[in-house]
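Peer 1: Make a model of this:
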Amino acid sequence: MTEKLSTIERSIPWSTNGDSSMSGEGAVFSILQWMNPGKDLIADWWSPARDNQLRSLVTQIDPLKIAVETFTTKLLSIPFVVGARDTTIKKHVAHAEWMQNAFLSNSNIAKGWDVFLSKFVYDWLTQDNGAFAIVMGKGKKDGPIIGPALGLTHLDSSRCQRTGDNEFPVLYRHNKDGKLYKIHYTRLIEMSNMTNPDETMNGVGMCAVSCVIDAARELKDIYVNSQESFGSRPARRVLYVKEGAVLEQLLDAIALADQKIDSMGLTRFAKTLFLAPKTPTMKLDLGILDLVGTPDNFNRMEVNMFDMALIAAGFGLDLYDLAMSFGVRSTEAVAEVQDRKGRGKGVGGFIETLTKQINFKALPPHLQCVFDNVDDQQDEHQAKIRETRSSARERDLRSGVVSARVERLIMLRDNEITHAEFAEMELLDGRLPNGLDVFSLFVVSDPAVSPILDLGVDDPSDVEGNDAESMVTTIRSKIAEGWLAYEKAGTARIARLVQQALSALDRLLMMYEEAIQIEAEMMLQDVPADVDSVEPDPEQLQLDMEIS
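Peer 2: Predicted coordinates for the structure are as follows:
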């Protein structure tokens, strides 16, 4: 076993290589198994037996398989990305890249992110108990993680017992050693669909399959009826003798017909069976009782569409996502519209909930995970919206209706720019995010950047009162000191404050350099460029001679 794999295995509570003291011996734990009330019946909500039946039901009904597969495929097609909240901090960007690689490769005991997510969403769709995952990482196994998370590992929902305890919400029975393991809340990610508000249920919900049982079973019954109708030479009706023959004669005639059919190689469909009396004067009266049939006014297409619509709604999919399963054709334009609508339903809700839990329990505050849906058509649509807004914004700025800061605030509200981008644009105009001038930092500054802004004078903005050349030297030295502090910033807050201080110093440096340049130009205007080329004034020469 490689060192990397050993490290990953030691990061989960049931590792045989690490501390197993939190295995939960003596804890009350049992998976109740109720007797199945019938082969085709589902136990009442809620019991572990019901979840086992739901999991089995999915394997038996094709529309449910298609719905689960469609949901999972749509989810896996959206890339998982870990990014820095402030992309201007290089350390955070590098940390985000490392964390993303760890999640993609280490999750589910080094089997990969897709394997984890497939199992996790399968439980979420098919188990009322919900889906469970553990955050892998170092530290005491029954306590919070110490250091970075190494990835996520799926927990079989049928082995997870909700306890209602805030510190250890779940007990997990491992399938290999049979021991019970307490899962600390900081290491646990759990989700259930339609979570029941009853506190005694401890978060059990109602999964997608549970919501569409009746529709799924009706489809199954239709398929079974169809298979039986088109099976190997099924008995379609009962033929019985009313008068003119005995049972043995009728059976002999049917057996002879079967032999002829077998000799002709017919396995599914039979030819017409002819029966007649041996003599023309003999009377043969037969009765027929149909065994195969459908209810009056039954329309299979309509029933299929109605049931598939229910299944699609239960899974948060659009009906056209499952259209091919019941023969409905979809145009490209319709498919595009339905795809955009579908992102706000089941898949979108699942992503939003999972993202919040990962950000809260598996990532540090300066990082965040997103599911980046790469869609050229959606990007084109958003580009057109931005172009329209940009034209309107340019018109308003040109007419003076609004200021640049107001437009930026509108862009921030509409999520066109991030808070970091807004702050950077404001700094370029000499303002802080709160609207104050950057020179206000020289009056009220944070202790983290006070040494950088200390220029040794009472009022750094007094360009006429301070020695310009000395101030330029001091400011340039402080700017170099500030860049060094920015590279060593340990938190996003300190990095942001240093960036603001550097903006104030840059603006102050420009003012002093401009003052020096103006003073130099004035001196050049007072002194002639070439003294020898100036013609002497005769009156001044005569006056000078008289004085001498």
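
Peer 1: those strands in the stretch 301-450 of the chain, which residues are they?
Peer 2: Ranges of strands within the stretch 301-450 of the chain are 367-371, based on DSSP state E, counting those that start in this stretch.

Peer 1: so where is it shaky, pLDDT-wise?
Peer 2: 323-344, 373-382, 445 (pLDDT under 70).

Peer 1: Please work out how many residues are found near Met411.
Peer 2: By other CB atoms under 10 Å, the residues close to Met411 number 19. For every residue, glycine as well, the C-beta is placed using N, CA and C.

Peer 1: same question, Ala216
Peer 2: 25.

Peer 1: Isn't it up against Ala312?
Peer 2: No - taking CB atoms under 8 Å as the definition, Ala216 is not a contact partner of Ala312, at 11.9 Å.

Peer 1: Test my guess that Pro169 contacts Leu155.
Peer 2: No - using CB under 8 Å, Pro169 is not in contact with Leu155; the gap is 11.9 Å.

Peer 1: Let me see the ranges of the helices in the stretch 101-250 of the chain.
Peer 2: With DSSP state H, counting those that start in this stretch as the criterion, the stretch 101-250 of the chain has helices at 113-126, 208-211, 213-229, 247-263.

Peer 1: Can you say which of those helices is packed in most?
Peer 2: helix 208-211 (a mean of 23; mean count of other CB atoms under 10 Å).

Peer 1: now it: how far from the chain's centre is it?
Peer 2: 21 Å (CA atoms, centre = their mean, to the nearest Å).

Peer 1: ok, and what's touching it?
Peer 2: With contacts defined as CB atoms under 8 Å, 6 or more residues apart in numbering, helix 208-211 is touched by 45, 50, 54, 57-58, 64, 67, 71, 125-126, 128, 193-194, 216, 314-316, 346.

Peer 1: go on, stretch 515-525?
Peer 2: 463-464, 468-469, 472.

Peer 1: Return the closest of these with respect to Ala253.
Peer 2: Closest approach between those and Ala253, by CB to CB: Val472, at 118.9 Å.

Peer 1: quick check, the closest one in a strand?
Peer 2: No - checked against DSSP: H, G, I helix; E, B strand; the rest coil, Val472 lies outside a strand; its state is helix.

Peer 1: Counting neighbours, which bits of stretch 145-157 end up buried?
Peer 2: 145, 149-155, 157 (16 or more other CB atoms under 10 Å).

Peer 1: Filter the residues you listed down to the ones in strands?
Peer 2: 149-155 (DSSP state E).

Peer 1: What sits closest to Trp124 if chain neighbours are left out?
Peer 2: Ala131 (3.9 Å; CB to CB, 6 or more residues apart in numbering).

Peer 1: my read: the one you found touches Glu190, true?
Peer 2: Yes - using CB under 8 Å, Ala131 is in contact with Glu190, at 6.9 Å.

Peer 1: Settle it for me: which of the two has more neighbours?
Peer 2: Ala131 (25 against 22).

Peer 1: What are the neighbouring residues in contact with that one?
Peer 2: 120-124, 154, 157, 190-192.

Peer 1: so how far is Phe439 from it?
Peer 2: Applying CB to CB, to the nearest Å, the value for Ala131 to Phe439 is 54 Å.

Peer 1: any idea how far Lys384 lies from Ser390?
Peer 2: On the measure of CB to CB, Lys384 and Ser390 end up 11 Å apart.

Peer 1: If you count surrounding residues, which of the two has more?
Peer 2: Ser390 (12 against 9).

Peer 1: got the buried residues for stretch 422-441?
Peer 2: Applying 16+ other CB under 10 Å to stretch 422-441 flags 422-423, 425-427, 431-433, 438-439, 441 as buried.

Peer 1: can you pull the pLDDT of the residue nearest to Trp124?
Peer 2: Per-residue confidence (pLDDT) for Ala131: 97.

Peer 1: residues making contact with stretch 92-110?
Peer 2: 4-5, 8-9, 12, 80-87, 112-113, 115-116, 119, 136, 148-154, 362-364, 366-367, 369, 492.

Peer 1: what is the mean pLDDT for that stretch?
Peer 2: Here the average pLDDT along stretch 92-110 is 93.

Peer 1: Return the set of buried residues in that stretch.
Peer 2: Neighbour-count burial for stretch 92-110 [16+ other CB under 10 Å]: 92, 95-96, 99-100, 102-104, 106-110.

Peer 1: Out of those residues, the closest to Gln357 would be?
Peer 2: When the buried residues of stretch 92-110 are compared against Gln357 (criterion: CB to CB), the nearest one is Phe103, at 13.3 Å.

Peer 1: gap between that closest one and Thr473?
Peer 2: Phe103 is 49 Å from Thr473, where distance means CB to CB.

Peer 1: Please apply the same query to Gln259.
Peer 2: 115 Å.

Peer 1: which residues sit in contact with the most centrally placed residue in the chain?
Peer 2: The centroid of the chain falls nearest to Ile351 when counting by CA atoms, centre = their mean (3.1 Å). Counting by CB under 8 Å, 6+ apart, Ile351 makes contact with 75, 78, 371.

Peer 1: Walk me through the domains of the protein.
Peer 2: 235-290, 443-526 (automatic domain parsing).

Peer 1: Tell me which of these approaches Met201 most closely.
Peer 2: By CB to CB (comparing all of the domains of the chain), the closest turns out to be domain 443-526, at 40.0 Å.

Peer 1: Quick check, Asp51 in contact with Arg159.
Peer 2: No - at 11.0 Å, Asp51 does not count as touching Arg159 under the criterion of CB under 8 Å.

Peer 1: More neighbours: which of those two?
Peer 2: A count of neighbours by other CB under 10 Å puts Asp51 above the other of Asp51 and Arg159, at 25 against 19.

Peer 1: who's in contact with the more buried one?
Peer 2: Applying CB under 8 Å, 6+ apart, the residues near Asp51 are 126-129, 157-158.

Peer 1: Could you export those residues as TSV, including distance to Lys478?
Peer 2: Formatted as TSV, these follow (distance: CB to CB, whole Å):
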residue	distance to Lys478
Thr126	63
Gln127	61
Asp128	63
Asn129	61
Ser157	59
Ser158	64
